[in-house]
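# Sequence and predicted model, in that order:
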Amino acid sequence: MERTWRWFGKNDKITLAMLKEIGVEGIVTALHDVPLGEVWTREKIHDLRTYIESYGMRWSVVESLPVTETIKYGGPDRDEQIAVYIESLRNLAAEGIHTVCYNFMPVLDWARTDLLHPNPNGSSNLYFSIPEFAYFDINILRREGARESWAKFKTLGPDGKPNGRDILKEVDALAATMTPEEDHALVENIVIKTQGFVSGNFKEGDEHPVELFRQLLDQYQGIDRDQLRENMRYFLSAIMPVCNECDMYMCVHPDDPPFQILGLPRIVTSREDIEWFLNAVPDKHNGLTFCAGSLSAGAQNDVPAMAREFAPRTWFVHLRSCHVFPNGDFTEASHLGGRADIIDLVHTFEREELNRRDNSNIARLPMRVDHGMTMLGDEARGYNAGYSFLGRMFALGQVQGIIAAVDREMDKPFHQPGFFD
């Protein structure tokens, strides 16, 4: 697999020179300065592409070309926004960029309640506490019907079976102890620090993020799971002609966490969901970002089996893993541990790559390690949540070692860039 890295543009504290030194071959990035809903011009794409190439790497994957909320909920300007999206796709293809990772999660991209949860070794990782998120929904967001929906929520243990947890009891216990400062920190973690740099819906300095959140949720009134699925099918059907014309590979990112939250439908959470959207628009350019981390956070998912099933329609891989606790909460795991079984996944995707030699645009399958732990030396540098340098560098070293060992077993050439062979 092609070893890639999510990079946040020329203002990223992690430089391309640093990435070249640690074996990164391809860059995963976006035009972060273009407002939501505007065309990505060829000029802007060309400028960033040539800058990346000046460091001996290529712009491998767009993550992401955002799907605006109006496309997701089917607003009156949906077709206009799809036309903007198509123009951006044409401009990317003209610059030789053929893989686009996107998501169809309403309002909220990936969600965590604690961005620096301590590990036993002294580092920290992203963490999702179900009762803390429910507390945010019920007591801070004060969403209508929130308490009733959490009363019905079934938490799963690592075995995928309901564990009988009483979420409302834990929420009420939190309500008796949470301070205004802790409430503010929870809003920062859920809304600002994880959303501002990925979805564009929120940004640092928003004066009333909770009110803005409520307004975004209101747009989805009456949108159930079936309607959101239909809206995704409509979007994919509309863009597939240009994807075929330009050989653009669309790969949706699974929902994170892979279960329903905030009364919003989530439609890329499981094997059945993936099978549905691949069959709904049965075109090879409609594919999957296999995010092992998102999928392994769902105790219902057999991640290695899903990789084997969907590898032929996977155009991008996120290699990370989650640990699910007995109570159903989850945290990022070591890249050598957790539920994802990354060693097994590398076997699957390295074999799959052998089937792609005749298609130049997907001959190599891009992979990035995704979230990494925050290590000493990371915490004070102001990196985006989950996107530390040392933690991800450590993970990339682990994964490169796995790939090298698997390739030797398969009699497949392995090259470590940047060194004399």
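Nice, thanks for sending it over.

# now the strands: where do they sit in the stretch 301-421 of the chain?
Along the stretch 301-421 of the chain, counting by DSSP state E, counting those that start in this stretch, strands occupy 314-318, 322-324, 330-332, 366-368.

# Among the ones you listed, which comes closest to residue 174?
Judged by CB to CB, the one of these that comes nearest to residue 174 is strand 330-332, at 18.2 Å. For every residue, glycine as well, the C-beta is placed using N, CA and C.

# Can you check which of the strands of the stretch 301-421 of the chain gets nearest to residue 29?
strand 366-368 (10.9 Å).

# what's in contact with that closest one?
1-6, 26, 28, 60-61, 99, 315-319, 349, 399 (CB atoms under 8 Å, 6 or more residues apart in numbering).

# Next, please give the residue ranges for the strands of the stretch 51-200 of the chain.
58-63, 99-102, 114-118, 124-128.

# So what touches the longest one?
Residues from elsewhere that reach strand 58-63, judged by CB under 8 Å, 6+ apart: 2, 4, 6, 25-30, 48-49, 52-53, 92, 95, 97, 99-101, 253, 316, 366.

# thinking again about what came up before, just send the strands of the stretch 51-200 of the chain back as a markdown table, with mean neighbour count too.
Below are the strands of the stretch 51-200 of the chain laid out as a markdown table (neighbours: other CB atoms under 10 Å):
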| stretch | mean neighbour count |
| --- | --- |
| strand 58-63 | 24 |
| strand 99-102 | 24 |
| strand 114-118 | 17 |
| strand 124-128 | 23 |
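
# Figure out the helix or strand that the closest residue to residue 34 other than its chain neighbours lives in.
Closest residue in space to residue 34, ignoring its immediate chain neighbours: residue 40 at 5.8 Å, by CB to CB, 6 or more residues apart in numbering. Taking DSSP states H and E as the definition, one finds residue 40 inside no helix or strand.

# what does the model give residue 40 for pLDDT?
At residue 40, the model reports a pLDDT of 98.

# pretty sure it contacts residue 91?
Yes. In this structure, residue 40 is within contact of residue 91 by CB atoms under 8 Å, at 5.7 Å.

# the more surrounded of those two?
A count of neighbours by other CB atoms under 10 Å puts residue 40 above the other of residue 40 and residue 91, at 22 against 19.

# Now the phi/psi pair for that one, please.
phi -80, psi 110 (degrees, to the nearest 10).

# ok, it - contacts?
Applying CB under 8 Å, 6+ apart, the residues contacting residue 40 are 31, 34, 65, 88, 91, 92.

# Of those residues, which count as buried by neighbour count?
31, 34, 65, 88, 91, 92 (16 or more other CB atoms under 10 Å).

# picking that back up, can I get the strands of the stretch 51-200 of the chain in JSON lines including mean pLDDT and distance to residue 280?
Listed next are those as JSON lines, based on pLDDT from 0 to 100; distance: least, CB to CB, whole Å:
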{"stretch": "strand 58-63", "mean pLDDT": "97", "distance to residue 280": "22"}
{"stretch": "strand 99-102", "mean pLDDT": "97", "distance to residue 280": "16"}
{"stretch": "strand 114-118", "mean pLDDT": "94", "distance to residue 280": "35"}
{"stretch": "strand 124-128", "mean pLDDT": "96", "distance to residue 280": "29"}
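
# Dump those strands into TSV; add distance to residue 309 as well.
Below are the strands of the stretch 51-200 of the chain laid out as TSV (distance: least, CB to CB, whole Å):
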stretch	distance to residue 309
strand 58-63	22
strand 99-102	20
strand 114-118	32
strand 124-128	26
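
# Residue 176: which of those strands is closest?
strand 114-118 (19.7 Å).

# contacts for the closest one?
With CB under 8 Å, 6+ apart, strand 114-118 has contacts from 124-129, 132, 189, 193-194, 331, 374, 379, 385-386.

# quick check, nearest of those to residue 110?
residue 194 (6.3 Å).

# residue contacts, the closest one?
109, 110, 111, 112, 115, 385, 386.

# if we take those, which one ends up nearest to residue 325?
residue 112 (14.3 Å).

# what about that closest one, neighbour count?
25.

# which one is it nearest to, not counting chain neighbours?
Going by CB to CB, 6+ apart, residue 112 has residue 126 as its nearest residue, at 4.4 Å.

# The one you found touches residue 387, doesn't it?
No. Between residue 126 and residue 387 there is no contact under CB under 8 Å: 10.2 Å.

# Which neighbours do these two have in common?
With CB under 8 Å, 6+ apart, residue 126 and residue 387 have common neighbours residue 371.

# looking at the strands of the stretch 51-200 of the chain, which is closest to residue 276?
Nearest of those (CB to CB): strand 99-102, 17.0 Å.

# Of the strands of the stretch 51-200 of the chain, which is nearest residue 167?
strand 124-128 (13.1 Å).

# what residues does the closest one touch?
111-119, 257, 297, 329-333, 371, 373-374, 379, 385-386.

# in this structure, which segments are predicted with low confidence?
The model of the chain has pLDDT under 70 over residues 196-207, 380.

# what's the residue nearest the centre of it in contact with, if anything?
In the chain, the C-alpha closest to the average C-alpha coordinate belongs to residue 253, at a distance of 5.5 Å (CA atoms, centre = their mean). With contacts defined as CB under 8 Å, 6+ apart, the neighbours of residue 253 are 63, 64, 101, 102, 103, 268, 289, 291, 294, 318.

# most surrounded residue in those residues?
Going by other CB under 10 Å, residue 291 tops the contacts of residue 253 with 30 neighbours.

# Please name the nearest non-neighbouring residue to that residue.
residue 318 (4.0 Å).

# same thing with residue 94?
Among residues not flanking residue 94 along the chain, residue 42 sits closest, at 5.7 Å (CB to CB, 6+ apart).

# was I right about that neighbour contacting residue 89?
No. With contact defined as CB under 8 Å, residue 42 does not count as touching residue 89 (11.5 Å).

# where's stretch 394-403 relative to the chain centroid, distance-wise?
20 Å (CA atoms, centre = their mean, to the nearest Å).

# Pop out the phi and psi values for the closest residue to residue 85 other than its chain neighbours.
Once flanking residues are discounted, residue 85 sits nearest to residue 239: 6.4 Å by CB to CB, 6+ apart. Main-chain torsions, residue 239, degrees, to the nearest 10: phi -90, psi -10.

# still on that earlier bit, quick check on the contacts of strand 124-128: which are buried?
111-115, 117, 119, 257, 297, 329-333, 371, 373-374, 385-386.

# Alright, I will stop here.
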